[in-house]
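1. Build me a model:
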Amino acid sequence: MSTLLTQLPALLGVLVGTLGTILATSLADRARWRRSQNVRWDERRLDAYVDFAHALKESYAVALRMTADLRPGSHSHPIDREEGLARLAESDARRTIVWENLLLLGDEPTVVAAARWRDAVWQVERLARGIVEAPPDIAEALTQVNEARDGYYRAARGSLGVQGGSVEQSAALQQALLGRFTATSDPAAG
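-> Next up is the predicted model:
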């Protein structure tokens, strides 16, 4: 019995060491799994953000081409109304699909910013489709699209933890807009 008592501290030390190793390994594996999941979801979130931006930009580009005649001096290449409507229908279908991915994977600020951008583009699309009459200052609608796009990218970059400062374009596009209006009037730079 005395031999067991003399070896008990060593046995307890081995037992505590083994339990500590199991616990540390388990915690490390759990942390590694969480990091792996975060990277996986960040990649999917990035894809959802990019796909949405591409789809929305596609719709906007078609709408700009359809409204080129409303913007004197526009550099947008006009498009036949029927072809434009067909392209808008295709891009709307694509945008609807990628919107669902954005809703599933995006964080709240990014989804809100995406909805603002989408709504601003919808105003230009409504004009292109002939649903609404051209406002006296179409440049304001285009400026709203550009500012909403900046808000979307700001939110998406924040959601993904992208560093590097501002990538906003609306101020530069506004300057180009003002310069063109005095010279050639093309607000469709964005």
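
2. what about the helices in this protein?
-> Using DSSP state H, the helices assigned to the chain run over residues 2-66, 81-105, 108-129, 138-160, 170-183.

3. can you tell which of those is closest to P72?
-> Taking CB to CB, helix 170-183 is the member of the helices of the chain nearest to P72, at 9.0 Å. Quick note: C-beta positions are derived from backbone N, CA and C, even for glycine.

4. would you list the helices of the chain in a markdown table and tack on mean neighbour count?
-> A markdown table is the format used below for the helices of the chain (neighbours: other CB atoms under 10 Å):
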| stretch | mean neighbour count |
| --- | --- |
| helix 2-66 | 13 |
| helix 81-105 | 15 |
| helix 108-129 | 19 |
| helix 138-160 | 20 |
| helix 170-183 | 15 |
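
5. Poorly predicted segments of this protein, please.
-> 1, 29, 33, 36-40, 173-190 (pLDDT under 70).

6. Tell me who's in contact with the residue nearest to the spatial centre of the chain.
-> Closest residue to the average C-alpha location of the chain: Y49 at 3.4 Å, with CA atoms, centre = their mean. Residues near Y49 by CB atoms under 8 Å, 6 or more residues apart in numbering: 102, 106, 110, 156, 159-160.

7. Roughly how far does A120 sit from G13?
-> Note on A120: its distance to G13, by CB to CB, to the nearest Å, is 68 Å.

8. go on, R35?
-> For R35 relative to G13 (CB to CB), the value is 32 Å.
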